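1. got a sequence here, can you model it:
(one chain, ligands or ions: 1)
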Amino acid sequence: MTSYNTKYETHTHDVVVVGAGGAGLRAAIEASSQGLSVALVCKSLLGKAHTVMAEGGVAAAMANVDSADGWQTHFKDTMKGGKFLNNWRMAQLHAQEAPDRIRELERWGAVFDRTPDGRILQRPFGGHTYRRLCHVGDRTGLELIRTLQDKGVHSGIDVFMECTLTHLLKDGDRISGAFGYWRESGRFVIFNTKAVILATGGIGKAFKVTSNSWEYTADGHAMAYNIGAEMIDMEFIQFHPTGMVWPPGVKGILVTEAVRGEGGRLTNNKGERFMQNVDPERMELSTRDIVAKAINREVKEGRGSPHGGVFLDISYRGADYIKKKLPSMYHQFMELADVDITKGPMEVGPTTHYTMGGLRVDPESQQTNIPGLFAAGEVSAGMHGGNRLGGNSLSDLLVFGRRAGLGAAEFAKATQQFPSINDADVEKAIVEVSEPFERDKGESPYAVHRDLQDLMQNKVGIIRKEAELHEAVTELQALKERARVCSVEGSRQFNPGWHLALDLRSMLIASEAAARCALQRKESRGGHTREDFPEYDAHWSTVNSTIRKDGDAMAVSTSPLPEMPSELKQLFEEAK
Ligand code: FUM
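-> Numbers count the residues shown, from 1 in each chain. Sure, this is the predicted structure:
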């Protein structure tokens, strides 16, 4: 329902999903299938999502290629890859339900690559014991989005594109809606709802070198944090080992792990396969945290490629094979770098790819600690622990997108009346988003963003040190102040400077959470490496980092990890 007779354009739906990547689409489909009215609100155009950057495949223990695979092995791989910091129940549900979600996707029209006898083909990926990644060449995320989008638009979901939400609204303790603006006109818009599902993705644009595109500015993290939602484990950032390093304009663009899955070899400038010294058993298919750090070391110690990466070579597989299995990589390097990967190596290096931390959710329903607020996909946390295995994000968003849709639908059904929108909260939100226009001598948001990216890249990056993290926390306070008083010119009509000024506030919250948690965790584990504490630590293996808003301050603490039941622990004993 749309109403224009109140002061602001207001839309009323049982469930509002924010973000239209895989998690948002899957959640919206599920909530809609429960007979509820559903709004799907996205900042970008439908179909433009970081989901497409999970190129190499979706992990599910279908056992089509390696018949010994099963959910127990997938569960164990996920826990080991996450360095046992995962929420065990999420990892269990994920491993158990992923194959059903793939079969469902296939029924909805996804066209996977096939085994000779017609089953879904599966390829190897880092940290997975068996060949487990169902794929469509190197365009798996794209096919997943295409399929979900097709299904979604025929499910009666109301889609609101190019609409940025900046504030979640509450009625008492529970969620009542969201406030934002149309990117083109700058007009304000309100969504009144019984339940909100955040599926806003990650925080990659806080870093200088990233595979993420402009949308990944921590919007969901910040909106939820600002109304009292708890975050966990924000220090765990995944630096994907292989992004492009050259030419400068494309630095950070993803080079899919499928290149290594199909046999790609990493070498340094001496021609050495350096993974031999790091993980001789798994070599290039070690987990991402390990491969990224190994590449970082080669470069730092002077064994890098001419443009500051290392070499990744698949050319020995032959042109036909490469063009069939890795068509996007072939075109990407040809068009962007003038490199023919069927004839010679690529140059690659780590790129900020994924945030393991995020909003704490209930594993069954994906509800946060705010009644009526749910989260799925990268903005939520727990599933991947300290390091995500490649391919587990696509299966995560299918499994937990569905669960969030169901959870929100049940919550909405149990809510008789629409909660009220508090006018004072809306007026406050309007004042906050209008502030950048009120000043004429403030700094440009672009300058603040550039400095934020440099800071996060250099001091909260792959290798961290106490002194630099202290500096990062202090410098982030200064950046927050600069962002608070930055100014933009012109009007609210399509004004990218204004959009960035607002996004900066969200990125600064996520960055501060990452830096403070990284300072607190005195050990190295997965996507968090402390040069001064290089080993695992027994205490830190039992706790999640927690982040909450405490007045104007950010409170960082720890909470005990949920205890794994004995029958699951037994799986690890049997493996020994
Ligand atoms: O390398 C890739 O294709 C990325 C996959 C993922 O992040 O899951």
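2. which residues of the stretch 301-450 of the chain lie near the ligand?
-> Neighbours of the ligand within the stretch 301-450 of the chain, by CB under 6 Å from any ligand atom: Gly390, Gly391, Ser393. For the C-beta atoms, the positions are set from N, CA and C on the backbone; glycine is no exception.
3. and the one residue sitting closest to the centre of the chain, what does it touch?
-> The residue lying closest to the centre of the chain (CA atoms, centre = their mean) is Glu378, at 3.4 Å. Glu378 makes contact with Ala23, His50, Gly201, Gly202, Tyr354, Thr355, Gly358, Ser393, Leu397 under the criterion CB atoms under 8 Å, 6 or more residues apart in numbering.
4. state the distance from the last one to Tyr536.
-> What it means is Leu397. Separation of Leu397 from Tyr536 (CB to CB, to the nearest Å) stands at 29 Å.
5. higher neighbour count, these two?
-> A direct count of neighbours by other CB atoms under 10 Å for Leu397 and Tyr536 places Leu397 higher, at 33 against 14.
6. so that one is in contact with Ala49, correct?
-> No. Counting by CB atoms under 8 Å, Leu397 does not reach Ala49; the two are 9.8 Å apart.
7. overlap in contacts of those two?
-> Applying CB under 8 Å, 6+ apart, one finds that Leu397 and Ala49 are jointly contacted by Gly21, Gly22.
8. okay, the contacts of Glu378 in a markdown table with distance to Asp117 and secondary structure next?
-> Shown next, in a markdown table, are the contacts of Glu378 (distance: CB to CB, whole Å; DSSP: H, G, I helix; E, B strand; the rest coil):
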| residue | distance to Asp117 | secondary structure |
| --- | --- | --- |
| Ala23 | 32 | helix |
| His50 | 34 | helix |
| Gly201 | 37 | coil |
| Gly202 | 38 | coil |
| Tyr354 | 34 | strand |
| Thr355 | 39 | strand |
| Gly358 | 40 | strand |
| Ser393 | 29 | helix |
| Leu397 | 29 | helix |
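9. neighbour-wise, which of those leads?
-> Neighbour-wise, the contacts of Glu378 (other CB under 10 Å) top out at Ala23, 36 neighbours.
10. that one: what's it in contact with?
-> Thr51, Ala199, Ala376, Gly377, Glu378, Asp396, Leu397, Phe400, Gly401, Ala404.
11. surely the first one forms part of a strand?
-> Read it as Thr51. No. Membership of Thr51 in a strand is not supported by DSSP: H, G, I helix; E, B strand; the rest coil, which gives helix.
12. residues near it, how many?
-> Around Thr51 there are 27 residues (other CB under 10 Å).
13. about what we covered before: Glu573: which of the contacts of Glu378 is nearest?
-> Glu573 has its nearest neighbour among the contacts of Glu378 in Ser393, at 28.8 Å by CB to CB.
14. adding pLDDT, write the contacts of Glu378 out as a markdown table.
-> Listed next are the contacts of Glu378 as a markdown table, based on pLDDT from 0 to 100:
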| residue | pLDDT |
| --- | --- |
| Ala23 | 98 |
| His50 | 89 |
| Gly201 | 97 |
| Gly202 | 97 |
| Tyr354 | 97 |
| Thr355 | 97 |
| Gly358 | 98 |
| Ser393 | 97 |
| Leu397 | 98 |
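15. re earlier: which one of the contacts of Ala23 is nearest Met283?
-> When the contacts of Ala23 are compared for distance to Met283 (CB to CB), Asp396 comes out closest, at 25.8 Å.
16. burial count for the residue of the stretch 51-200 of the chain found nearest the ligand?
-> Minimum separation of the stretch 51-200 of the chain from the ligand (CB to the nearest ligand atom) falls at Gly56, amounting to 3.2 Å. By other CB under 10 Å, the residues close to Gly56 number 31.
17. same question for Thr368.
-> 26.
18. do I have it right that Gln149 meets Ala49?
-> No. Using CB under 8 Å, Gln149 is not in contact with Ala49; the gap is 9.6 Å.
19. tell me which of those two has more neighbours.
-> Ala49 (30 against 18).
20. buried set for the longest helix anywhere in the chain?
-> The longest helix of the chain (DSSP state H) is helix 496-520. By 16 or more other CB atoms under 10 Å, the buried positions in helix 496-520 come out as 498-520.
21. mind giving me the packing neighbours of it?
-> Where contact means 3 or more CB pairs under 8 Å, 6 or more residues apart in numbering; DSSP states H and E, helix 496-520 is packed against strand 163-171, helix 219-226, helix 423-438, helix 445-459, helix 466-484, strand 543-550, strand 553-560.
22. partners of the last one in the sheet?
-> Partner strands and pairing direction for strand 553-560 (DSSP bridges) are strand 543-550 (antiparallel).
23. now do the strand it pairs with: distance to the chain's middle.
-> In terms of CA atoms, centre = their mean, to the nearest Å, the centre of strand 543-550 is set 19 Å apart from its chain centre.
24. strands along the stretch 151-300 of the chain, start to end?
-> For the stretch 151-300 of the chain, the strands defined by DSSP state E, counting those that start in this stretch occupy 158-160, 163-171, 174-182, 188-198, 231-232, 237-244, 265-267.
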